[in-house]
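Novice: what follows is a predicted protein model with its sequence.
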Amino acid sequence: SIPNLDVTKRATDARGNSYPLRVRTNALGFRRFGDTTRTDRLRLLVLGDSFTQAVEVSDDKTYFAHLGNALNADVFAYGCGGYGTTQEYLVLDQYVDRIQPDAVLLQYCSNDFINNDYALEMLSEGNNNAMRRPYLTPDGAITRRLPKKWLAGVRDFANCHSRLLFFVFTRIDRAATRRGGVSVEARIEAVAAGVRPDF
């Protein structure tokens, strides 16, 4: 999440209609940060990925803004595109004592199934953002790994220091996604449906 973001502009929806957009974050990167001094209202901590970051939605139109209004709750919302559950857990661990929430809402998407497992993300073309991320290991430790084998060191450099190289690698990855073949996601769906994935 980007700290101290303040964007006001007009955006276009899927139907081509223009609408006003106001997206703000605080110095910590939270999209919404309630009042930690109040004791008379429920405190709800919301953590998630791009659906919670919600840069296409104005502050007062996010799902957690509506939820806060419906519950009369102080909402603390942190989302970042591409985050997996381990990254969201690390945000929780960093801020839970400060916020002391009554409830935590973890926003989860189907792509998190892939993003939470290093081996699956390595095999995925479509659900692999090629960024170094933390993964939870079977023994309960957290390790940071880059889910790409091809030019991993150059990719690490590009992700941190070169927008041009990052752009080039992104385009190469998108082209690889379009080249066809059976994805790891399709294989998982086949197994879940009871079909032997012999393709």
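Specialist: Arrived safely, thanks for sending.
Novice: for residue 144, helix, strand, or coil?
Specialist: Here residue 144 is recorded as strand under DSSP: H, G, I helix; E, B strand; the rest coil.
Novice: which residue packs closest to the residue most central in space within the chain, ignoring adjacent ones?
Specialist: Geometric centre of the chain, nearest residue: residue 49, 2.3 Å, by CA atoms, centre = their mean. Distances taken as CB to CB, 6 or more residues apart in numbering place residue 83 nearest to residue 49, at 4.5 Å, with adjacent residues excluded. To be clear about C-beta, it is placed using only N, CA and C from the backbone, and glycine gets the same treatment.
Novice: is it correct that that neighbour is in contact with residue 29?
Specialist: No. Contact criterion CB atoms under 8 Å: residue 83 and residue 29 do not qualify, at 11.3 Å.
Novice: the more surrounded of the two?
Specialist: Using other CB atoms under 10 Å, the more surrounded residue of residue 83 and residue 29 is residue 83, with 27 against 17.
Novice: surely residue 110 is within a helix?
Specialist: No. Applying three-state DSSP, one finds residue 110 to be coil, outside a helix.
Novice: residues near residue 170, how many?
Specialist: The criterion is other CB under 10 Å. On that basis, residue 170 has 13 neighbouring residues.
Novice: list the buried residues for the worst-scoring helix or strand of the chain on mean pLDDT?
Specialist: Ranked by mean pLDDT, DSSP states H and E, the weakest helix or strand in the chain is helix 163-178, scoring a mean of 78. Of the residues in helix 163-178, 166, 169, 173 count as buried by neighbour count, 16 or more other CB atoms under 10 Å.
Novice: just the helices in this protein please.
Specialist: Using DSSP state H, the helices of the chain run over residues 50-53, 63-71, 85-99, 112-115, 118-123, 152-161, 163-178, 184-192.
Novice: what sits against residue 154?
Specialist: Contact analysis of residue 154 by CB atoms under 8 Å, 6 or more residues apart in numbering lists residue 165.
Novice: repeat for residue 148
Specialist: The contact partners of residue 148, by CB under 8 Å, 6+ apart, come to 122, 128, 130, 155.
Novice: just the buried ones from the residues you listed, in ChimeraX syntax?
Specialist: Typed into ChimeraX, the line below selects the buried ones among the contacts of residue 148, using 16+ other CB under 10 Å:
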select :128,130,155
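Novice: and which of the contacts of residue 148 is nearest to residue 108?
Specialist: Residue 108 lies nearest to residue 128 out of the contacts of residue 148, by CB to CB, at 17.8 Å.
Novice: surely that closest one touches residue 122?
Specialist: Yes. With contact defined as CB under 8 Å, residue 128 counts as touching residue 122 (7.5 Å).
Novice: now do stretch 158-172: distance to the chain's middle.
Specialist: Centroid displacement of stretch 158-172 relative to its chain, using CA atoms, centre = their mean, to the nearest Å, is 19 Å.
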